[in-house]
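In: Here is my input; please provide its structure:
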Amino acid sequence: MQEPSRFGSSLNSVLSLFVISLPIEDFYKFKDLFNLDRNFIMEIVLDIYPPKENSVEICDTRLEMLDKDKDKKEEIVNSNMDNNGKLRIFISYSSKYNKEIAGSLKELFEEYDNIECFVAHDDIIHGSEWEKEIIKNLNSTNLFMPIQTKHLESSYWCQQEAGYALAKGIKIIPLIPDVDGTDPVGFYARFQGFKIKTQDLRSSVKWWLIKEGIISEDNVGEIEKKLLLFSASASFAEAGDNARSLCEFAGDFTTADILKMVDITLSNDQIMNSFAARPYLRRLFRKHSSIIPKEKLEEFFRYE
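Out: Below you'll find the model as predicted:
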């Protein structure tokens, strides 16, 4: 139990948080159950530790990983990746009604370098055999994400995709839009869905990635702050310090972050002419040269 704080409902009792600490191999097995049945778990805890006088009164529960195992977290996250370090997502959707949402989700997921997302209307080349392409991409995917609406339920092809994903043992995470979304049905009704905001898909994608441990919540906030500091660099030395500090989070950069860094760099002479900043930027821009417009790369390297 965590250190108690405020007084509880019983005489001389104090409110406390009940923390369940698990080794890493059990933490990820238990996490979904904990989120799904948190109230039930709370009832069990209160049966064991009921409120009483002169004691702690448990008001909430929390699941956490044992400290000794936290360094192994990245290994678990990487277990969802393929041999090339990519997380491959297959989005299943009603092409008649949810094509735009599916396309937007693909763009947002693929802002992260280690994620590839398959959306049929974007990724199947015109003239290809549709069914073969669907099966090929299902066979290579790590996550199956159906956009869960009533239109999906009535789509023959979406039901076929879901059945194939189940048979292959692919991890299924239904995406439930806040508009026209429905609870998962059929064979994958037992899988917990993830709610998405149709007017703010970017935040929904970011939050899911944080929830799954694929990106760090702390790092996301830090990147936004450090980009502001980087843009405000007012001297060569300050530009160097800000570039070094920002590049410490390079592993969590999205495509949008990198492109924003390029634009900031090109618009700030203190950064462009900083011998301290350029080595960090040079390595970063070369690594991501495939996503940076050619003319902007050439402008940066003209100063070498």
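In: Low-confidence regions, the stretch 101-250 of the chain specifically.
Out: Confidence mapping of the stretch 101-250 of the chain against pLDDT under 70 gives the ranges 122-128, 186-188, 216-220.
In: Okay, strands next: where are they in this protein?
Out: 14-22, 56-65, 87-92, 115-118, 143-146, 171-172, 175-177, 194-196 (DSSP state E).
In: Tell me where the stretch 151-300 of the chain has helices.
Out: With helices called from DSSP state H, counting those that start in this stretch, the stretch 151-300 of the chain shows them at 156-168, 201-211, 217-231, 236-247, 255-267, 269-272, 278-287, 294-301.
In: do you know which of these lies nearest Gly181?
Out: helix 201-211 (11.7 Å; Cβ to Cβ). For glycine as for every other residue, the C-beta is placed from the backbone atoms N, C-alpha and C.
In: returning to what we had before: for Phe191, which of the helices of the stretch 151-300 of the chain is the nearest?
Out: Among the helices of the stretch 151-300 of the chain, helix 156-168 comes nearest to Phe191, with 9.6 Å by Cβ to Cβ.
In: List the buried residues for the closest one?
Out: Residues of helix 156-168 classed as buried by neighbour count (16 or more other Cβ atoms under 10 Å): 157-159, 161-162, 164-165.
In: Give me the residues contacting it.
Out: Helix 156-168 is contacted from outside by 90, 92-94, 134-135, 138-139, 141, 144, 146, 152-153, 172, 186-188, using Cβ atoms under 8 Å, 6 or more residues apart in numbering.
In: so who does the residue nearest the centre of the chain touch?
Out: Compute the mean C-alpha point of the chain, and by Cα atoms, centre = their mean the closest residue is Leu209, 0.9 Å away. Contact analysis of Leu209 by Cβ under 8 Å, 6+ apart lists 112, 215.
In: ok, now how distant is it from Phe109?
Out: Separation of Leu209 from Phe109 (Cβ to Cβ, to the nearest Å) stands at 8 Å.
In: Could you report the neighbour count for Asp241?
Out: Neighbours of Asp241 under the rule other Cβ atoms under 10 Å: 16.
In: Can you tell me the closest non-neighbouring residue to Arg196?
Out: One correction, residue 196 is Ile, not Arg. In space, not counting the residues next to it along the chain, Ile196 is nearest to Ser204; the distance is 4.0 Å by Cβ to Cβ, 6 or more residues apart in numbering.
In: Next up, the contacts around the one you found.
Out: By Cβ under 8 Å, 6+ apart, the contact set of Ser204 is 194-197.
In: how long is stretch 264-272 end to end?
Out: 9 Å (Cα to Cα, to the nearest Å).
In: Give me the contacts around that stretch.
Out: Stretch 264-272 has contacts (Cβ under 8 Å, 6+ apart) with 227, 230-231, 233-236, 238-239, 243, 277, 281, 296, 299-300, 303.
In: how about 10 Å then?
Out: With contacts defined as Cβ atoms under 10 Å, 6 or more residues apart in numbering, stretch 264-272 is touched by 227-228, 230-240, 242-243, 246, 261, 274, 277-278, 281, 284-285, 296, 299-300, 302-303.
In: What residues of that stretch count as buried?
Out: Going by neighbour count (16+ other Cβ under 10 Å), the buried part of stretch 264-272 is 264-265, 268, 270-272.
In: okay if I get the residues you listed as a markdown table plus pLDDT and distance to Thr254?
Out: Formatted as a markdown table, those follow (pLDDT from 0 to 100; distance: Cβ to Cβ, whole Å):
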| residue | pLDDT | distance to Thr254 |
| --- | --- | --- |
| Ile264 | 91 | 15 |
| Thr265 | 95 | 17 |
| Asn268 | 90 | 21 |
| Gln270 | 91 | 25 |
| Ile271 | 94 | 20 |
| Met272 | 94 | 23 |
